[in-house]
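**Student:** Can you look at this prediction? I've put the sequence above it.
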Amino acid sequence: MYVLFLGPPGCGKGTQAQYLTEATDFLQLSTGDLIRAEIKAKTELGKQLESLYSSGKLVDGGLVLKMVQKVVASEGAKSILFDGFPRTVSQATAFGEFLQSVNKKLDCVFSFSLADSEILDRISGRMTCADCKAVYHAKTNPPKNEGICDKCGGELVKRTDDSRESVKLRLEEYHRETEPLKEFYKKENLVYEIDASQPIEMVRKQIFNKIEAISK
Ligand code: ADP
Ligand code: AMP
């Protein structure tokens, strides 16, 4: 099964992706994580992507699609949760053509919605494990021991693109480039709405119930 998480930065996509991958055989394909891994490893591609990434702008869609194609090709029949991709109508169109060429299709697009004012709170309190990528929040989802990941004991760090200026830009880009994807996928009858202002556990249940319903 292929599903997609669509929603503004900080609405909880990564948090929910983690629950899903822990409890099912879904693989999370987060283009943001793939880009961060390239930057951390200081690869040529990472160096190419770093300045746009840190500023909060979208990076080159062609490069991102290549990364996605590589993972899809190597994962064969595995179920994949696409997180943070596609981000523009042109990425979605190219992605659709690619899926068709490998005889695959999307089964559901989970569309998360959350007010911009709440997004700023979520991102300013976000901490991520440098090792296993688990996501925490200073107030709404704190770790048991400050600065330390509950799951693996790794160090919790702030993302370099979570500055106020970058968040503002990412939100503008989201509304301009990514939000139109909701209409794009509505035309394909794939959209399932998620009110992302609900507590984490309620969102989790809603997603799990829907996945279960699709699987039947
Ligand atoms: P995204 O992957 O969409 O950018 P994250 O999953 O990283 O978002 O979540 C952003 C922040 O909000 C994190 O600090 C996370 O712990 C917190 N968070 C996620 N979902 C909720 C929720 N439903 N209620 C309150 N806080 C949440
Ligand atoms: P995310 O981890 O999804 O919040 O993404 C963080 C940053 O990675 C974005 O602000 C972009 O700079 C870059 N990025 C992630 N996915 C994409 C994509 N599909 N297209 C272009 N840029 C992306």
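**Tutor:** Sure, I can see it. Numbering: from 1, shown residues only. Ligands and ions are numbered 1, 2, ... in the order given.
**Student:** going forward, measure contacts and count neighbours with C-alpha atoms only.
**Tutor:** Fine.
**Student:** list the contacts for the residue positioned nearest the centre of the chain?
**Tutor:** Closest to where the C-alpha atoms of the chain average out (Cα atoms, centre = their mean) is D83, at 3.1 Å. With contact set as Cα atoms under 8 Å, 6 or more residues apart in numbering, D83 has these partners: 4-6, 13-14, 17, 28-31.
**Student:** What segments of the protein are strands?
**Tutor:** Ranges of strands in the chain, per DSSP state E, are 2-6, 27-30, 80-83, 108-113, 126-129, 135-137, 156-157, 191-195.
**Student:** now those strands as TSV including mean pLDDT?
**Tutor:** Converted to TSV, the strands of the chain look like this (pLDDT from 0 to 100):
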stretch	mean pLDDT
strand 2-6	98
strand 27-30	96
strand 80-83	97
strand 108-113	98
strand 126-129	95
strand 135-137	95
strand 156-157	96
strand 191-195	98
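**Student:** okay if I get those as a markdown table plus distance to L52?
**Tutor:** Formatted as a markdown table, those follow (distance: least, Cα to Cα, whole Å):
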| stretch | distance to L52 |
| --- | --- |
| strand 2-6 | 21 |
| strand 27-30 | 17 |
| strand 80-83 | 19 |
| strand 108-113 | 25 |
| strand 126-129 | 20 |
| strand 135-137 | 23 |
| strand 156-157 | 20 |
| strand 191-195 | 29 |
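**Student:** any chance of these in TSV, plus distance to ligand 1?
**Tutor:** Conversion of the strands of the chain to TSV gives the following (distance: least, Cα to the nearest ligand atom, whole Å):
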stretch	distance to ligand 1
strand 2-6	8
strand 27-30	9
strand 80-83	8
strand 108-113	8
strand 126-129	3
strand 135-137	4
strand 156-157	11
strand 191-195	9
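**Student:** what's the closest of these to S90?
**Tutor:** S90 lies closest, by Cα to Cα, to one member of the strands of the chain: strand 2-6, at 15.1 Å.
**Student:** Just the buried residues of the closest one, please?
**Tutor:** By 16 or more other Cα atoms under 10 Å, the buried positions in strand 2-6 come out as 2-6.
**Student:** what's the answer for stretch 163-176, then?
**Tutor:** Across stretch 163-176, burial judged by 16+ other Cα under 10 Å covers 163, 166-167, 170-174.
**Student:** and if you look at stretch 190-203?
**Tutor:** Buried residues in stretch 190-203 (16+ other Cα under 10 Å): 190-192, 194, 196-197, 203.
**Student:** Run through the chain and note the low-pLDDT ranges.
**Tutor:** Within the chain, not a single segment meets pLDDT under 70.
**Student:** The same query, at a cut-off of 90, please.
**Tutor:** 54-56, 75-77, 133, 160-166, 216 (pLDDT under 90).
**Student:** Ligand 1 contacts on that one?
**Tutor:** With the criterion set to Cα under 6 Å from any ligand atom, the chain comes near ligand 1 through 9-15, 122-123, 125-127, 135-137, 140-141, 196-200.
**Student:** List the residues that contact V3.
**Tutor:** V3 makes contact with 80-82, 106-110, according to Cα under 8 Å, 6+ apart.
**Student:** Cool, thanks, signing off.
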